[in-house]
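> Below are the sequence and a predicted model; questions follow.
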Amino acid sequence: MTDIERDSKTENTEAESGSEERKRKLDKYGLYIIILLLFFVAAIVVISFYMHSQLDKINQEGTKYKYHFAFISKSEDSYTANHIYEEARNYGKQHGVYVEKLKTGSGASYSDDDYVRIALDMQVDGIILEGSDEDSIREAIDEAAESDIPTVTLLSDCPGNRKSFIEIGDYNLGREYARTIINITKTRSPKVVLFVDEKAEGTERLLDGIRLTLANEGNHLSVDLKVVDVGDLPNFRLSDLTKVTLSDKYDRPDILLCVNEHDTKIVYQAVRDYNLAGNTQIIGYGISDSLLKAVRDEDIAALIDADAKQLGMVCVDALVGYKSSGSINDHIIVEDTVVTKENIARYLDED
């Protein structure tokens, strides 16, 4: 074979090899393209299905709901507020009302008055608001009233242009504390210490409810009730006071009452920090995961709070009533609920 023939054969072999390599690359690229196309088609199918389901949902809600109410609580992780919202939402669905919670764990740093104004921009039909006595909240409620959007406050009030305040009622709350004392006392002459903010609105009515109920329904007992003003105490002072109060074995109370969630949590933390559990029965206010577990563990004898189901229903009914008639009761009082170790399983959500 001549050199020319050998060179020609080599060139042909290299050409064939290069052709096969290009073919393999094309096949590889083609496979990638096919896979990408399949993913693209699958994505289109999923998105189309999602959009279709959302459109169905919107269409259903558009024909089903007569009113759209916004629900605004002070805290995104409040057990009580979240359960009131769930009850309001479920009850609303049954009565042609869409209740939407505006604080949804997004982490956005909006204030409560910001959320009220967001509700105004959404052109809702009404606002359910856990109130507070702040000028910014009052101004936001005034703006809502100017836009003919009614606001009802619950649990805590904000006087002004809100249409109604939906609450437990301080006197009724006092009666429930007294009845709980009567039910859990282990002695006929219990010593009871009440931590309270004497300057807070409603304190006198609460004290009247406690004293009158003890005098009437607890007249078989000889209750020594001591009222301690803790309204101006910082957290660490309240913690120290709890330690002193529960550590004195000669003057230790049989029962200690806290009438707001803040004080209940501070007292409970002090009980844990200073290993004081079991010395005194504690009756607290408010429902949260930590406090519920304290009841389960018998560090707290009872918790008193609003009846979430009734509050949710009343909030919806109040706004619907106002939209229908243009009037509503200025105050609406609902029942409370008492959580003890006997019914704690109903409130704890544990695996």
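Okay, I see it.

> just checking, Ala215 is part of a strand?
No - per DSSP: H, G, I helix; E, B strand; the rest coil, Ala215 lies outside any strand segment and is helix.

> contacting residues around it?
By C-beta atoms under 8 Å, 6 or more residues apart in numbering, no residues touch Ala215. Any C-beta I mention is one placed from the backbone N, CA and C, and that applies to glycine too.

> average model confidence for the helix or strand harbouring Ile181?
Assigned by DSSP states H and E, Ile181 belongs to helix 170-184. Mean pLDDT, computed over helix 170-184, is 95.

> what's the distance between that helix and the middle of its chain?
Centroid displacement of helix 170-184 relative to its chain, using C-alpha atoms, centre = their mean, to the nearest Å, is 24 Å.

> got it, and stretch 282-291?
On the basis of C-alpha atoms, centre = their mean, stretch 282-291 sits 14 Å off its chain's mean C-alpha point.

> Can you show me the CA trace of that stretch as CSV?
Output in CSV follows, covering the C-alpha atoms of stretch 282-291 (Å, rounded to 0.1, in the frame of the first residue of the first chain):
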residue,chain,number,x,y,z
ILE,A,282,-52.1,28.3,91.0
ILE,A,283,-55.1,29.6,89.1
GLY,A,284,-54.1,31.5,86.0
TYR,A,285,-55.6,33.3,83.0
GLY,A,286,-55.0,32.7,79.3
ILE,A,287,-54.3,29.7,77.2
SER,A,288,-51.0,29.0,75.5
ASP,A,289,-49.0,25.8,74.8
SER,A,290,-46.7,26.3,77.7
LEU,A,291,-49.5,27.0,80.2
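
> So, low pLDDT: which residues of the chain?
Scanning the chain with the threshold set as pLDDT under 70 gives 1-63, 105-108, 349-351.

> Try it again at 50.
For the chain, applying pLDDT under 50 flags the ranges 7, 15, 40-41, 43-59, 63, 350-351.

> Would you map the strands across it?
Assigned by DSSP state E, the strands in the chain fall at 67-72, 97-101, 126-129, 151-154, 164-167, 191-196, 224-229, 255-258, 281-285, 302-306, 331-333, 336-339.

> helices and strands around the last one, which ones?
With contacts taken as 3 or more C-beta pairs under 8 Å, 6 or more residues apart in numbering; DSSP states H and E, strand 336-339 sits against helix 170-184, strand 302-306.

> mind listing the helices for this structure?
For the chain, applying DSSP state H gives helices covering 3-64, 79-94, 112-121, 135-146, 170-184, 203-216, 235-247, 261-273, 289-296, 308-325.

> Residues contacting the second one, please?
Applying C-beta under 8 Å, 6+ apart, the external contacts of helix 79-94 come out as 69, 71, 73-75, 97-99, 101, 128, 130, 154-155, 286-289, 292, 305-306, 308-309, 311-313, 315-316.

> Equivalent analysis for stretch 146-165, please.
74, 80-81, 84, 116, 119-120, 124-134, 137-138, 141-142, 144-145, 166-168, 306, 311, 315, 318-319, 322-323, 328-332.

> Any of those residues buried? List them.
Among these, those classed as buried by 16 or more other C-beta atoms under 10 Å are 80-81, 84, 116, 119-120, 124-132, 137-138, 141, 144, 166-168, 306, 311, 315, 318-319, 322-323, 328, 332.
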